[in-house]
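Trainee: Model the following, please.
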Amino acid sequence: MRGRRSQYEIYWEILTYCEMPRLFTSIIQRCDLNSKNGQEHLAFLEKRGYIVRVSENGKNLYSTTEAAKEFIDLFIRLYLDLYENSPEFKI
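Mentor: Below you'll find the predicted structure:
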């Protein structure tokens, strides 16, 4: 990705990363967010039904829902049309 990420790129990164249930700290570290922004993004996605909080062994994990798969697919198609390469995580 080039320069600053858009909100949609951040949402895509979170949703793609959370296809397997993830801890909050893992999400913000992997997606390069601070705690406040991470909470806001997760709350936004959770409110829209794209991500769900699940409890596993006493830990709160976030996991992508089936509803998010449509967003992910649409985002990738749009991104490919605009930039001619697929979106990737920063490494």
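
Trainee: Provide the backbone phi and psi angles at the residue nearest the centre of the chain.
Mentor: Closest to where the C-alpha atoms of the chain average out (CA atoms, centre = their mean) is I14, at 1.4 Å. Main-chain torsions, I14, degrees, to the nearest 10: phi -60, psi -50.

Trainee: other SSEs contacting the strand or helix carrying K69?
Mentor: Assessed by DSSP states H and E, K69 sits inside helix 66-83. For helix 66-83, the elements it packs on are helix 7-17, judged by 3 or more CB pairs under 8 Å, 6 or more residues apart in numbering; DSSP states H and E. For the C-beta atoms, the positions are set from N, CA and C on the backbone; glycine is no exception.

Trainee: Okay, now the sheet partners of the following helix or strand past the helix it packs on, with direction.
Mentor: Counting by DSSP H and E, the element after helix 7-17 in chain order, helix or strand, is strand 22-23. Counting by DSSP bridges, the strands paired with strand 22-23 are strand 59-64 (antiparallel).

Trainee: Distance from the strand it pairs with to the middle of the chain?
Mentor: What separates the centre of strand 59-64 from the centre of its chain is 12 Å, taken as CA atoms, centre = their mean, to the nearest Å.

Trainee: Rounded mean pLDDT for it, please.
Mentor: What strand 59-64 shows for mean pLDDT is 96.

Trainee: ok, D81 to I14 distance?
Mentor: 22 Å (CB to CB, to the nearest Å).

Trainee: do Y62 as well
Mentor: 8 Å.

Trainee: which residues are in contact with both of those two?
Mentor: I27, L42, I51 (CB atoms under 8 Å, 6 or more residues apart in numbering).

Trainee: who wins for most neighbours among those?
Mentor: When neighbours are taken as other CB atoms under 10 Å, the top entry among the shared contacts of Y62 and I14 is I51 (24 neighbours).

Trainee: Now name the helix or strand holding the nearest residue to that one once chain neighbours are set aside.
Mentor: Using CB to CB, 6 or more residues apart in numbering and skipping the chain neighbours, the partner closest in space to I51 is L45 (4.1 Å). For L45, the host element (DSSP H and E) is helix 35-47.

Trainee: Alright, that wraps it up for me.
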